[in-house]
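Peer 1: predicted structure and sequence below. I'll ask about it afterward.
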Amino acid sequence: MASSSNAKHKRIAEEEEKEEEEEEEEETIEELEGFDDFTIASSWERFISEIEAICRAWMVNGPKDLVENGAERMGSRKNLYKVKSDMKYGTKLYCIEYYFCISSNGKAAYWDDNLHDLQLSFGVSDFLIIAPLSASGVVLDAPESTKLLSAIAIALTNCGSNWPAFVPVHDPSRKAYIGIQNLGLIFTRRFDADRISSQVPIRLMHLEGLYELFVSKFALYQVDFSASSFEVQFAMKLTYRTPPYEFDDEIDSVDPEVKESKGDDVSMNHIKTQWDDDCPWTEWYSAEDPVRGFELVAIWSSRTFEGSHEMAELENASSFDAETWLLCPDISPNMIDDSLGKFVGFASQLGLLVNALDRSFEAQFLEDFVSAENPASDGSKSATVIPPPTVLDRVLKEIFHDGGQSSHIVERQSKHSRAIKGAPLESLFAQFCLHSLWFGGCNIRAIASLWIEFVREVRWCWEESQPLPNMPMNSKIDLSTCLIHQKLQMLAICIDKKNLSHDSDNITENVGHSSDDREVDARADPSESAKDINGRWHQDSEASTSSSGSGEHLDSEASTSSSGSGEHLDSEASTSSSGLGEHLNYTVQSADPKTVGQVRKGSAGVVGSMMLLRSCQKMHAPYTQDAPIMTEDMHEERLHAVEAFGDAFSFSGQLERDILSSDMSAFKAANPDALFEDFIRWHSPGDWENDEAEGYVGEKNNWPPRGKLSERMSEHGNLWRQIWTTSPPLPVSEQKPLRDPIREGEKVLHYLETLKPHQLLEQMVCTAFRASADILNQTTYGDIKPMKIRIDQLYLTLASHLKSLQANHALEKAELIGDLRQLCLVFENIEKLLILAASIHRKLLDAPRLAKQMFSDYFEFYLPKMGTSLASLCFDQEFKGKQQVMMKERDAVASLFPPPTANQSWRKVLSMGNLLNGHEPILREIVFSVNDRIQDSHYGSSIPTANMEEIQTHRMYSCGTSNDLWVALSVTSWD
């Protein structure tokens, strides 16, 4: 009990002590609250204290921490940032802004484009601006501006900071400022800037007057300025802009007497031409010139002058005397503007073609889009207008009769172009696709109507046996192109063969196997012809032997023979009668007495030293028929037939049998005494097994040669021997064609007339992308490597992403259309850059280094907009890249400023000097400054510890023209 009682008393004692301590603290607080801090008694003093607290916080954080904490970057200036804070003084709100650089030596360089106006004007680095939060943002009351400047000066002095501070005053259009800067405990620098926006005094239009204005500010010198000289530091920057093209001026500048005598010829000779008239894309559209002009900056570095007369001499000096020339292109803002309709070119039309592809799935037939009753054509009536018949007829005339291409274009196809499964640029279908891009806004209805008329025109060519324009007839189909182009190639060949069959007097059917550059004249030199042919057979004999095998199926046997001769698979590797129609009826009487009366027909010449086994006569190589040409879908049908029916009864087996029978008939006609073994020795050397080398003429002991047929050719019931037995001796001129051109031509027309809309549009998209890229690739832009690399990458990108259109819709429709629209953005970026490269190249043709570097700078600037993916990025910066002009390039740059015409000259009153080919600068910036040593001047008096440090006592910056002048003055005083 005692212990519990003691604990209770102890707890009560502690509580009493705690209460006494709290009472003492309350008394202390009451005493402190009674103390008055007279340093912040007034509202103005509290305002200074608040400014001081803000500045101290900014000083403690430092530039790097301020940037990390969200400081605002000043536009395109790479090194300038801003932080701000709001405060209240009385009933008004103010904003204080701190402008700073991340890395700075405390001194601003001359003519740096990244400088703020106040940095350039007053030569400062970091600075403060305090202004009211109002609509104007300036202080209109003089006492208020003085109070603000005094408040911020006191606050900065308390902080120990030497930041300059500025207050905007007067009307905002004047851009007027007053400012102050504490330079330690001794000096103070004061700033003042104002603008004259009209009626600039004539004296201030010239360098001499500006020099005198600056010298007049030396208020501390009690001297006569007119009779004294001062060492004034001077620097000047002049900006020239290339004049715009003024067509009216050129017409008016023609001498009136000459104009009257020549009449209308003058106006005809002065027709205004577009800048891209000789560019490859000008046949389809006229591009806006992305380079609107150039700005030339001529800089005179720091010089020292002692009198105004030297200023007058400098004003009359040539711009070629400037130490530095900098050239900057004025790039159109449409280069980085993705707004709809801002850029019209291939990319914009390809986007419309992709929209038409999206709509093409709405109907089964193209006629449905043209029909007014079809519901599929009801949407977006205004955007799906079909052009009038007159426009349709004109477009068809350009496609079929004008060749659909410009004669001055020389194709420069990229090595990657064939990777895109479309039609070649100069082909008929490619021209149709290019015209469709600009026909009726490239909507689905306009495309459908144009295609229907296009097919009708193609059918007319077929029925009238007229050759298809821009379609080669070389008996060869390019399977790397789109199917429509292959079909048109097939039709062109069928038309040619149809004409040959109707005109047998001069031209015979195209039935040979050799290419055009291996034409053989059997009558002129038959032995040489046969020697070449014989050499080809024996050259491939090893390959035919290695590929030969057992079995009678024609597929395996044909592969054996084709490995030796190749006549069934490659028409270029076979003997051809194309261009040798006079030899097809070339006949020779047999020299063997036993076969006198037999006639040799269709011989292309002797096959080297080979001789017939029975008659011991020289073997003749016959003209043979071309292997039937097939399009991609026909090859697929053959493969499907083989899979469905097997080799022996398939369409492929029957076709190979017909080819083999045709070759045997031609060989019999060229060699009346030939045996089956002779045909094998010529056609399939791999199936003839030699024991010894064949003898030559005159070596009777070695004849007949010791050899035999291969095992598969010697088998009973061999199919080749059966065909040999049933094949009549007929030259190719008397044989039935392996394929009926009439039937094949009608098949092509049926395909074109029944093509589904989405199938047409898919092939159009591939061909349009390829043809557009090929046209742009013909552009001349000099040795600009980044552009060459990007164009090659464009081809690879197109080939990669357009494969989805050839993969039987491996992607969903929405995903497919989305990828194609992004591909249009990629194409637009490359197209814009290419047009820019062409424009810069032609304007700086005599300064290729300058053009190359200028484009490279803009390419680096444009690169973030392109991104690393297919998506386009938002981009709102302004390009300000300047290139230094070498001395040897100055004449080429000066040619960008042609002397003004007489009509242009009287319109302008030249008020400033330093003309460049008669053009005055659009902007003149000048910096006057005077430096003084502390010890040698009144600044150093009464300062026993002063050293020889030199300070800038006066500085004046002027900027403007004859109609607009802005002057900023800073003066350093000793307090």
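Peer 2: Nice, thanks for sending it over. Worth saying up front: this structure is predicted, and the values here are computed from it rather than measured.
Peer 1: now name the helix or strand holding residue 299.
Peer 2: Residue 299 is part of strand 291-305 when elements are defined by DSSP states H and E.
Peer 1: just residue 635 next, same as before
Peer 2: Using DSSP H and E, the element containing residue 635 is helix 632-645.
Peer 1: what distance separates the next helix or strand after that helix from the centre of its chain?
Peer 2: The element immediately downstream of helix 632-645 (helix or strand, assigned by DSSP H and E) is helix 651-670. Chain-centre distance of helix 651-670: 53 Å, with Cα atoms, centre = their mean, to the nearest Å.
Peer 1: show me which positions of helix 651-670 end up buried.
Peer 2: Within helix 651-670, the residues that count as buried by 16 or more other Cβ atoms under 10 Å are 652-653, 655-670. No exception for glycine: its C-beta is placed from N, CA and C like everyone else's.
Peer 1: which strands border the strand holding residue 299, and is each parallel or antiparallel?
Peer 2: Strand 291-305 has the following strand partners under DSSP bridges: strand 232-241 (antiparallel), strand 324-331 (antiparallel).
Peer 1: that one: how far from the chain's middle?
Peer 2: The chain centre lies 32 Å from the centre of strand 291-305; the measure is Cα atoms, centre = their mean.
Peer 1: kindly export that strand (C-alpha atoms) in CSV.
Peer 2: C-alpha atoms of strand 291-305 as CSV (Å, rounded to 0.1, in the frame of the first residue of the first chain):
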residue,chain,number,x,y,z
VAL,A,291,12.3,27.0,-99.9
ARG,A,292,10.5,30.3,-99.9
GLY,A,293,13.8,32.2,-100.0
PHE,A,294,17.1,32.6,-98.1
GLU,A,295,18.3,34.9,-95.4
LEU,A,296,21.9,36.0,-95.6
VAL,A,297,23.6,37.3,-92.5
ALA,A,298,26.8,39.4,-92.9
ILE,A,299,28.7,40.0,-89.7
TRP,A,300,31.4,42.5,-89.0
SER,A,301,33.2,41.4,-85.9
SER,A,302,34.4,43.8,-83.2
ARG,A,303,36.3,46.8,-84.5
THR,A,304,37.6,50.0,-82.9
PHE,A,305,36.6,53.4,-84.4
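Peer 1: pLDDT of that strand, averaged?
Peer 2: Averaged over strand 291-305, pLDDT sits at 90.
Peer 1: buried ones in it?
Peer 2: Applying 16+ other Cβ under 10 Å to strand 291-305 flags 291, 293, 294, 295, 296, 297, 298, 299, 300, 305 as buried.
Peer 1: out of those, which is nearest to residue 610?
Peer 2: Distance to residue 610 across the buried residues of strand 291-305 (Cβ to Cβ) is lowest for residue 291, with 70.4 Å.
Peer 1: what's the spacing between the closest one and residue 327?
Peer 2: Using Cβ to Cβ, to the nearest Å, residue 291 is found at 11 Å from residue 327.
Peer 1: and what of residue 287?
Peer 2: If you go by Cβ to Cβ, the gap between residue 287 and residue 327 works out to 23 Å.
Peer 1: repeat that for residue 736.
Peer 2: To residue 327, residue 736 is 74 Å away according to Cβ to Cβ.
Peer 1: tell me which of these two has more neighbours.
Peer 2: Set residue 736 next to residue 327 and count neighbours by other Cβ atoms under 10 Å: residue 327 wins out with 23 against 9.
Peer 1: check contacts around the more buried one.
Peer 2: Neighbour list for residue 327: 294, 295, 296, 297, 850, 854, 882, 883, 885, 893 [criterion: Cβ atoms under 8 Å, 6 or more residues apart in numbering].
Peer 1: could you give the bridge partners of the first one?
Peer 2: It stands for residue 294. Beta bridges link residue 294 to residue 329 when assigned by DSSP bridges.
Peer 1: where do the helices of the stretch 751-900 of the chain begin and end?
Peer 2: 757-776, 785-801, 813-843, 848-866, 890-894 (DSSP state H, counting those that start in this stretch).
Peer 1: among those helices, which comes closest to residue 926?
Peer 2: Nearest to residue 926 among these is helix 890-894 (22.3 Å), distances taken as Cβ to Cβ.
Peer 1: who are the packing partners of the closest one?
Peer 2: strand 324-331 (3 or more Cβ pairs under 8 Å, 6 or more residues apart in numbering; DSSP states H and E).
Peer 1: wait, doesn't residue 924 sit right on residue 963?
Peer 2: No - in this structure, residue 924 is not within contact of residue 963 by Cβ atoms under 8 Å, at 11.9 Å.
Peer 1: those two: who's more crowded?
Peer 2: Higher neighbour count among residue 924 and residue 963: residue 924, with 23 against 12, using other Cβ under 10 Å.
Peer 1: now do the more buried one against residue 890, distance only.
Peer 2: 20 Å.
Peer 1: hmm, who's touching the helix or strand harbouring residue 157?
Peer 2: If you go by DSSP H and E, residue 157 is part of helix 142-159. Among residues not part of helix 142-159, those counted as contacts by Cβ under 8 Å, 6+ apart are 44, 47-49, 51-52, 55-56, 59, 94, 96, 128, 130, 139, 162-163, 165, 167, 169, 178-180, 182.
Peer 1: same check on stretch 721-732?
Peer 2: Identification of contacts with stretch 721-732 by Cβ under 8 Å, 6+ apart yields 509, 511-512, 577, 584, 601-602, 622-625, 657, 660-662, 664-666, 668-670, 672, 676, 679, 713.
Peer 1: stretch 607-615: which residues count as buried?
Peer 2: Buried residues in stretch 607-615, defined by neighbour count with 16+ other Cβ under 10 Å: 607, 608, 610, 611, 612, 613, 615.
Peer 1: which of those residues sits closest to residue 217?
Peer 2: Of these, the one sitting nearest to residue 217 (Cβ to Cβ) turns out to be residue 608, at 105.8 Å.
Peer 1: what about the closest one, which SS state?
Peer 2: Assigned with DSSP: H, G, I helix; E, B strand; the rest coil, residue 608 falls in the strand class.
Peer 1: now swap in residue 490 and tell me
Peer 2: helix.
Peer 1: contact partners for it?
Peer 2: Residues in contact with residue 490 (Cβ under 8 Å, 6+ apart) are 477, 629, 631, 744, 745, 748.
Peer 1: next up, phi/psi of the first one, please.
Peer 2: Backbone torsions for residue 477, taken as degrees, to the nearest 10, come to phi -110, psi 130.
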